[in-house]
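J.: the sequence and its predicted three-dimensional model are supplied below.
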Amino acid sequence: MPGSVEASWLQRSLRPALATLLLVAAISLPFVVLGEQRTLDWTRQLVEHAGSALVVALVSLLALDVVLPVPSSWVATLSGASFGFWAGLAVNWLGLNLGSALGYSLGRRIGRVGARRMLGERQLSRLSTSFERHGTWSIPIFRAVPVLAEASVIVAGSLRLSPARYWIASLSSNLGVAAVYAWAGAMALDGASWLWVFLGSTLLPGALWTIAHLRRPAASAS
């Protein structure tokens, strides 16, 4: 039985991993085709012409990451690359906080039954257990982990976690995540290689996702 559980987990995990890989390849294509400097110049031109529209787009994408498959780490990194650290931090924090509000409100509205349908029994059970054990600490624990970050705020709402405690944990953890990716993006404006931006926006969340999901087979077997 443990072997079948691991095989089933691996099969389910390969699909989002493959989708993520294809997404990263698509986003990286301009750097391969145009080159690093031309891509950076294109990004700066986009900022000059788009202006506030780009801010609205980035904030909206980060907020909607709760319900849509948005590559939030890349969006948050682009924010730093487009506007610099401090402005990128503000854009990222606003977007993440709006997403936290959306996820929490959605969770409260749909309740545990709706969360089960939306996230699946396994995901809901795992996150619910984490909230029972760690309380609001579960929010910063999962905040930088793709998929689990979005699911955790929905579960927090479905469990009707205290709004005050929820927002204390969310605002602080969102600030940390927003700062990390804004800094990674701002490195490009300071002349650092986009390779480091790529590593920060792709490998970091990928590593966190892998570590979090490697615990699933053992948990399921027990």
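T.: Cool, the structure landed.
J.: residue 154: neighbouring residues, count only.
T.: Residues lying near residue 154 (other Cβ atoms under 10 Å) number 26. For the C-beta atoms, the positions are set from N, CA and C on the backbone; glycine is no exception.
J.: let me fix that: residue 162
T.: Residues lying near residue 162 (other Cβ under 10 Å) number 11.
J.: that one and residue 177, how far apart?
T.: Between residue 162 and residue 177 the computed distance is 22 Å (Cβ to Cβ, to the nearest Å).
J.: one more: residue 87?
T.: Using Cβ to Cβ, we find residue 87 at a distance of 16 Å from residue 177.
J.: show me which of these two is the more surrounded one.
T.: Neighbour tally, residue 87 and residue 177, criterion other Cβ under 10 Å: the higher count belongs to residue 177, 20 against 15.
J.: please, which helix or strand holds that one?
T.: helix 163-189 (DSSP states H and E).
J.: low-confidence ranges in the protein?
T.: 1-49, 189-222 (pLDDT under 70).
J.: in the longest helix anywhere in the chain, what counts as buried?
T.: The single longest helix within the chain, with elements called by DSSP state H, is helix 85-119. Under the neighbour-count criterion of 16 or more other Cβ atoms under 10 Å, helix 85-119 has 85, 88-104, 106-108, 110, 115-116, 118-119 buried.
J.: and for stretch 54-74?
T.: Neighbour-count burial for stretch 54-74, counted by 16+ other Cβ under 10 Å, picks out 54-55, 58-59, 61-66, 70-74.
J.: and that stretch, how far apart are its ends?
T.: 14 Å (Cα to Cα, to the nearest Å).
J.: run a quick neighbour tally on the residue lying closest to residue 84 once chain neighbours are set aside.
T.: Closest residue to residue 84 apart from its sequence neighbours, by Cβ to Cβ, 6 or more residues apart in numbering: residue 186 at 5.3 Å. Residues within reach of residue 186, counting by other Cβ under 10 Å, total 23.
J.: am I right that residue 186 is in contact with residue 91?
T.: No: here residue 186 lies out of contact with residue 91, judged by Cβ atoms under 8 Å, at a distance of 11.8 Å.
J.: residue 178 is in contact with residue 144, correct?
T.: No: using Cβ under 8 Å, residue 144 is not in contact with residue 178, being 10.6 Å away.
J.: between the two, which one's more packed in?
T.: Neighbours per residue, other Cβ under 10 Å: of residue 144 and residue 178, the larger number sits with residue 178, 24 against 20.
J.: against residue 126, how distant is the nearest residue to the more buried one once chain neighbours are set aside?
T.: Using Cβ to Cβ, 6+ apart and skipping residues adjacent in sequence, the residue nearest residue 178 is residue 92, 3.5 Å away. Going from residue 92 to residue 126 by Cβ to Cβ gives 27 Å.
J.: can you give me the buried ones in stretch 148-162?
T.: Residues 148-159, 161 are the ones in stretch 148-162 that count as buried (16+ other Cβ under 10 Å).
J.: likewise stretch 164-174?
T.: Buried-residue list, stretch 164-174, by 16+ other Cβ under 10 Å: 166-167, 169-170, 173-174.
J.: return the member of these nearest to residue 137.
T.: Of all those, residue 137 sits closest to residue 169, with 7.2 Å by Cβ to Cβ.
J.: so the closest one makes contact with residue 137?
T.: Yes: taking contacts as Cβ under 8 Å, residue 169 lies within contact range of residue 137: 7.2 Å.
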